[in-house]
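In: here is a sequence together with a model predicted from it:
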Amino acid sequence: MTTFQVGAVSVTEVVETAMPVPVPLAFRGPDGDADQVDADQVAALRARYPAALFTAGGDPLLVFRSHVLRTPSSVIVLDTCWGNHKERLLDPYAHRLHTPYLDRLAAAGTDPAEVDYVFCTHLHQDHVGWNTRLVDGTWVPTFPNAAYLFVAAEYEHFSTVPAGTHGHDSFADSVLPVVTAGRHRLVEPGFAIDDTVRIEPLPGHTPGHSGLHVTSGSQEAVFTGDLFHVAHQFARPSWHIVSEHDAARATQTRRAFLARYADTGVRVVPAHFNLPAGGYLESRPGGYAYAPA
Ligand SMILES: [Zn+2]
């Protein structure tokens with residue numbers, strides 16, 4: 001379990017699962033462009049990034065986790081992983097999981113009943129799972145007193161994804177039951193959760209994909225969700241995971257993000273990197289370095 005501070009805000013990681021993802025299999029370059037994903041580039045780029053991000057075999061290790069933020073006024077759970085007992089036929093590794101996530105949450109000092117807000121960076125199945133848990137055959141909110149904040153454009157998009165595609169089943173068992181229970185709230189990008197935490201739009205991976213921006217005292221951090229899945233994208237922002245909704249828009253968002261936050265001292269925490277406390281982006285010729293925080 002990792003805990004770190006952003007000014008007066010404490011952040012604790014709660015891990016659910018992890019798996020390696022081979023870059024050449026899971027990522028694409030832009031159509032018809034020379035900037036394609038190739039094994040030599042993947043290996044060369046890997047050498048510039050912290051070894052902790054990769055398995056011994058050299059593949060990026062993707063971690064599925066929540067971050068629990070304790071601000072001076074709120075307890076916020078950011079992203080809720082896959083969840084237990086979910087039917088995930090499109091994602092065999094996440095089908096009917098049975099992990100001790102709730103025990104780990106308790107070990108991290110968090111009682112679900114004390115959580116004020118749940119925020120999912122987007123509504124993909126690996127970010128909404130523990131929004132609900134199964135009780136006597138019914139999906140109920142895991143965090144009974146929380147307001148679940150959904151970006152309106154994101155909610156709208158996932159309310160119409162067809163059966164048999166990613167995000168459909170998870171919307172039904174991990175988002176709609178929250179709405180039925182009256183615990184959701186639709187918000188716009190830029191929404192301020194409290195004095196220290198606001199929602200930062202980072203669109204492209206999904207239509208309403210957003211991060212959380214924390215500012216406390218002189219310290220800042222941005223939790224970037226799935227804007228970056230692997231460090232290679234710091235040097236190749238046009239590389240995108242195959243599940244990206246709008247690759248061109250996501251690329252544009254990545255480029256703007258890198259230009260804005262490199263060399264600023266703002267901590268950057270991607271959802272799935274095997275560095276729970278994130279790191280700092282630094283400009284380098286031909287891309288960016290990432291120094292673990
Ligand atoms: Zn994800």
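Out: Structure received.

In: how about low-confidence regions in the protein?
Out: 32-34 (pLDDT under 70).

In: now the helices: where do they sit in it?
Out: All helices of the chain, identified by DSSP state H, fall at 23-26, 39-46, 101-107, 125-128, 152-158, 168-170, 176-180, 232-235, 247-261.

In: and the first one, what other elements does it pack with?
Out: If contacts are counted by 3 or more Cβ pairs under 8 Å, 6 or more residues apart in numbering; DSSP states H and E, helix 23-26 sits against helix 39-46. Bear in mind the C-beta positions are built from the backbone N, C-alpha and C, glycine included.

In: count the neighbours of the residue in the stretch 151-293 of the chain positioned nearest to the ion for me.
Out: In the stretch 151-293 of the chain, the residue that lies nearest the ion is residue 226 (4.4 Å; Cβ to the ion). Residue 226 has 25 neighbouring residues, counting by other Cβ atoms under 10 Å.

In: not counting its neighbours along the chain, what's nearest it?
Out: Distances taken as Cβ to Cβ, 6 or more residues apart in numbering place residue 205 nearest to residue 226, at 4.7 Å, with adjacent residues excluded.

In: kindly check the end-to-end length of stretch 80-99 for me.
Out: Counting by Cα to Cα, to the nearest Å, you get 13 Å between the two ends of stretch 80-99.

In: tell me how far it is from the chain's mean position?
Out: 17 Å (Cα atoms, centre = their mean, to the nearest Å).

In: ok, it near the ion or not?
Out: No - legend: contact between stretch 80-99 and the ion by Cβ under 5 Å from the ion is lacking; minimum distance shown is 9.2 Å.

In: what's the single longest strand in this structure?
Out: strand 9-20 (DSSP state E).

In: pull out the buried positions in it.
Out: For strand 9-20, burial by neighbour count (16 or more other Cβ atoms under 10 Å) applies to 9, 11, 12, 13, 14, 15, 16, 17.
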